[in-house]
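K.L.:
no sequence for this one, just the structure:
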C-alpha cells in the first residue's frame, strides 16, 4: 500500500492535516491524531471501547522501537481490514476520529490532562515521573518542581540532568524552560538549588 492510497481512503472522512510522525505520516482532525501510515502499514488510534473491538479483530498495537526500549502505543494495525475492504473499518474510523477529537478537546479544557501535555514535558519525562511516584498533573503541581526533581533523583540517582529541574518548573508555570532561565527571580531560586 502506498501513502497516496492511504490518504485517498482517509479523505473519505473529511478534511484532515498530515504531519511526519514516528517515521511515517500521522493524520490529524482538529489537531488530534487518529491514524498513521508507517512502512506500508495502516494504524488506527484506539481508546475506550475501540480497544476491545480492535483486539477482537486481531489488530495488533504498533510497537515503536527506540534505542533503549520498545514502546507500544495505542494505534492498531488495520492494514488487513483495509485490504479486505472491510465495511467495519469505516465505522472504526469514524469512532476513532470522534474519540481522538473528544480526548483532545478534554485535555484543552484541563480535564484528562496528562503530564506530557504540559510545556517542556514529553513521554519519557512522564515515565520518569511515574516511576518516581508522580502519577498525575495535580500531584505534580502540588509537589512543585524542586520536590519532584528530588524524587526523580531518588529514583534515578544524582546524575539526573539539572536541565530537568528547569523543564519541571517551566511545566508548572506554563512556559518554555529557557524563558524561565532568563527570569532573574526564577533563576535565583533554581540556581541556589
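P.N.:
That came in fine, so what should we check first? This is a predicted model, so every value here is computed, not measured.
K.L.:
Counting neighbours, which bits of the longest helix anywhere in the chain end up buried?
P.N.:
Identified as the longest helix of the chain according to DSSP state H is helix 87-108. Under the neighbour-count criterion of 16 or more other C-beta atoms under 10 Å, helix 87-108 has 89, 92, 93, 95, 96, 97, 99, 100, 101, 103, 104 buried. Where you see a C-beta, it was placed from the backbone N, CA and C, and this is true even at glycine.
K.L.:
can you map out the strands along the protein?
P.N.:
For the chain, applying DSSP state E gives strands covering 17-21, 24-29, 32-38, 41-45, 61-65, 70-77.
K.L.:
could you dump the buried residues of helix 87-108 to CSV with distance to residue 180 and pLDDT?
P.N.:
Shown next, in CSV, are the buried residues of helix 87-108 (distance: C-beta to C-beta, whole Å; pLDDT from 0 to 100):
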residue, distance to residue 180, pLDDT
89, 46, 94
92, 43, 95
93, 41, 94
95, 41, 94
96, 37, 93
97, 37, 93
99, 35, 89
100, 32, 87
101, 32, 87
103, 29, 79
104, 27, 76
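K.L.:
what's the most distant pair in these?
P.N.:
Pairwise distances among the buried residues of helix 87-108 were taken by C-beta to C-beta; the largest, 22.0 Å, belongs to 89 and 104.
K.L.:
Return the most buried member of the strands of the chain.
P.N.:
Among these, strand 41-45 has the highest mean neighbour count (mean count of other C-beta atoms under 10 Å), at a mean of 24.
K.L.:
Output the contacting helices and strands for it.
P.N.:
strand 32-38, strand 70-77, helix 79-84, helix 87-108 (3 or more C-beta pairs under 8 Å, 6 or more residues apart in numbering; DSSP states H and E).
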